[in-house]
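Visitor: Mind folding the following:
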Amino acid sequence: MRPNAVVPVYATDGAAGLDLYTATHQTVAAGKIARVALGVAVAIPPGYVGDVRPRSGLTLSGLLVQYGTVDEDFRGELAAIVWNTTTQHVVLVPGQRIAQLVVLERPRVTLVEVETLDETARGANGFGHTGNSALANGPFAPGTK
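Guide: The predicted structure is shown next:
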């Protein structure tokens, strides 16, 4: 879809995701979020979904790619939503690996409206209820000043 586009590929035989590459020169300002064009469109097979996911190495550098969903009926250009958490502007160049596309089977479910739900040991306990979360134990924990 763009002259600098790179066809997504699996980097290794064991890779779960297809590498996605930037297709344009773009500067992501410090502390800002940007839409980064990837220059390709895909046709996800019926019954599947594409998850655009971050690359771990890029995340360590402070450039966070937000998760995105590619539905089986979407035919537009793929893009990555990128958040620059650093204090420096980041320049992206065409052909730079920025994200990955993981294609997963997507079961279709039917929702049924009910008055109550069955009981479980967990119940309604949510974020950080096991004590293994930064939300439960960190600076944002209940009762923390």
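Visitor: Any idea how many residues pack against the closest residue to Val91 other than its chain neighbours?
Guide: Sequence neighbours aside, Thr27 is the residue nearest to Val91 in space, at 5.2 Å (criterion: C-beta to C-beta, 6 or more residues apart in numbering). (Each C-beta comes from the backbone N, C-alpha and C, glycine too.) When neighbours are counted by other C-beta atoms under 10 Å, Thr27 registers 12.
Visitor: Against which helices or strands is the helix or strand encompassing Thr27 packed?
Guide: Following DSSP states H and E, one finds Thr27 within strand 26-28. Helices and strands touching strand 26-28, by 3 or more C-beta pairs under 8 Å, 6 or more residues apart in numbering; DSSP states H and E, are strand 33-37, strand 90-92.
Visitor: Pull up the pairing partners for it, direction included.
Guide: Counting by DSSP bridges, the strands paired with strand 26-28 are strand 90-92 (antiparallel).
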